[in-house]
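# predicted structure and sequence below. I'll ask about it afterward.
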Amino acid sequence: MAQYPIPKEIQPLARLMTDFSHACGYDPLTVFNDFLAFVIHGFSPGAPPLKSWKYKRQQNAAFMGMVNEWVRLMQSRLKEDDSWYDPFGDIYMAFSSAGSKQAQGQFFTPVPICELMTACTDTGEHLPGQRMGDPTCGSGRLLLAWHVRNLGGYLVGEDINRTCCLMTVCNMLIHGCVGEVIWHDSLQPEKFNDGWLVNPILTRTGIPTISKMSGEEYRTSRELPVNRTINSKK
């Protein structure tokens, strides 16, 4: 499988990640995952320190540089209210198709197809609070394409891959989306690995935040039995 090419405008951000990964002896995909966790933790007020965080203070500065480059890139690409942009999907496809990770390569829906799908399903009724779900959200592209056509909606992303969920959380955060992302197999909705509420107070405060969703919150919101899961764990 050929390596996925990184678009020119994304190359500075990808280069920061690859240079840092080589300097620290980590795989670029590992650094990419840690970058996503860094962003999510930074927008999670009151969250405890990351237990698995393996970097020192001077290395954290490198992650701040990645965040600054990501924000600069998004500012340059999001010119209109109806625009959206997903650099993470391209970076992930490039990193996962390179070297020893080729067997795990994933390819997400191209942007024009996402635009076409949302245009075909547009009924013209843009009601506040309308829900849109994607059971295999990938990097969240289809959700973003729907969001810019239905501002004020509530997005629900699900994926069996944790990295995909982290990408969707970060993409929803910076695009001002409100909703939730669930890490699990959507074909088995009774199972729950992890979840995030994205921008839960944005409409009231204007402040972008992320908060963890508990298994009990997930099951209660979907009217799934909570006690059965608790008893099985005991």
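Now that the structure is in, tell me what you want to look at. Numbers count the residues shown, from 1 in each chain.
# from now on I want contacts and neighbour counts done on CA atoms only, so please keep to that.
Will do.
# residue contacts, Val67?
Each residue near Val67 by C-alpha atoms under 8 Å, 6 or more residues apart in numbering is listed here: Val39.
# report the secondary structure element holding it.
Secondary structure from DSSP states H and E places Val67 in helix 57-77.
# and for the following helix or strand past that helix, what's in contact with it?
Towards the C-terminus, the helix or strand next in line after helix 57-77, according to DSSP H and E, is helix 87-96. Under the contact criterion C-alpha under 8 Å, 6+ apart, helix 87-96 has outside partners 3-7, 10, 14, 28-29, 32, 101-102, 104-108, 138-139, 167.
# report the buried members of the residues you listed.
Buried subset of these (neighbour count, 16 or more other C-alpha atoms under 10 Å): 4, 6, 10, 14, 28-29, 32, 102, 105, 108, 138-139, 167.
# show me the shaky parts of the chain.
1-2, 99-105, 226-234 (pLDDT under 70).
# all helices for it, in order.
11-24, 28-42, 57-77, 87-96, 111-120, 141-147, 162-174, 202-205, 215-221, 227-233 (DSSP state H).
# with distance to Gly195 added, can I get the ones you listed in TSV?
Formatted as TSV, the helices of the chain follow (distance: least, C-alpha to C-alpha, whole Å):
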stretch	distance to Gly195
helix 11-24	26
helix 28-42	12
helix 57-77	22
helix 87-96	19
helix 111-120	24
helix 141-147	17
helix 162-174	9
helix 202-205	18
helix 215-221	8
helix 227-233	16
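# so which of those gets nearest His126?
Closest of the helices of the chain to His126 is helix 141-147, at 10.4 Å (criterion: C-alpha to C-alpha).
# show me the contact partners of the closest one.
84, 86, 109, 111, 114-115, 118, 132-134, 137, 153, 155, 157, 171-172, 175, 177.
# of those, buried ones?
For the contacts of helix 141-147, buried by 16+ other C-alpha under 10 Å: 84, 86, 114-115, 118, 132-134, 137, 153, 155, 157, 171-172, 175, 177.
# need the max-distance pair from these.
By the measure C-alpha to C-alpha, Asp86 and Gly153 form the most distant pair in the buried ones among the contacts of helix 141-147, at 19.0 Å.
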